[in-house]
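Visitor: The following block contains a protein sequence and its predicted model.
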Amino acid sequence: MFSPSKYSRRFHNKKAAIQRTPTRKIVLFEVAGETYAIAIERVQRVLTDFTAQGTLEGGRSLVKIDADLITLLDLSQLFLTLNPVQEEHSYLIVCTLTNGDRIGIPLQNLPAILDIPEDKFAEIPASYRQGKDGKNGAPAAVEKIITTDAGTVAFYLNLDKLLD
């Protein structure tokens, strides 16, 4: 005889056995041949019309967005110490920090938006973070390493640590 309670329990067990890995939505972009990612919640918008002002050594400058001046950070100069690449910047990602400040990251190409499973986020090995003789290791802003389904390896950035 058919028992509805047995059927629903069996169905429920099969359904419970299928678990999905939680994902994070990220913005993926390339700077000077390296791939970086940031949380999409931090991105306010992407602009195509902007002019950098007051460029300083180390890749910082200013850009006027609406009525505000915000810090523009050129990652190719912040992270790469040997022969920084001078790229033509066609896009600007405008991001917010935890304290409400905004920063801009100039890019050569349009960034991509991806859903990445949590299990694709890996810790950075201590030896890479420390570097040679405790110097020149991974910057504190590089929080994790991500491997996308396409096999791309990206440095996941903590924007609040970019200004340290």
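Guide: Nice, thanks for sending it over.

Visitor: Pass me the low-pLDDT residue ranges in this protein, would you?
Guide: Low-confidence segments of the chain (pLDDT under 70): 1-19, 80-87, 131-138.

Visitor: Would you mind finding the longest strand in it?
Guide: strand 23-31 (DSSP state E).

Visitor: Please identify the buried residues of that strand?
Guide: If you call a residue buried by 16 or more other Cβ atoms under 10 Å, then strand 23-31 has these buried ones: 24, 26, 27, 28, 29, 30, 31. C-beta: built from backbone N, CA, C; applies to glycine.

Visitor: do the same with stretch 29-40
Guide: Buried, per 16+ other Cβ under 10 Å, within stretch 29-40: 29, 30, 31, 32, 36, 37, 38, 39.

Visitor: again with stretch 155-164
Guide: Of all the residues in stretch 155-164, those buried under the rule 16+ other Cβ under 10 Å are 155, 156, 157, 158, 159, 160, 162.

Visitor: about what we covered before: pull out the C-alpha coordinates of the helix or strand following the longest strand of the chain and format them as CSV.
Guide: Heading C-terminal from strand 23-31, the first helix or strand you meet, by DSSP states H and E, is strand 34-39. In CSV, the C-alpha atoms belonging to strand 34-39 read as follows (Å, rounded to 0.1, in the frame of the first residue of the first chain):
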residue,chain,number,x,y,z
GLU,A,34,48.2,39.8,-13.1
THR,A,35,44.5,39.0,-12.3
TYR,A,36,42.8,40.5,-9.3
ALA,A,37,39.4,40.2,-7.7
ILE,A,38,37.3,42.2,-5.3
ALA,A,39,33.9,41.7,-3.7
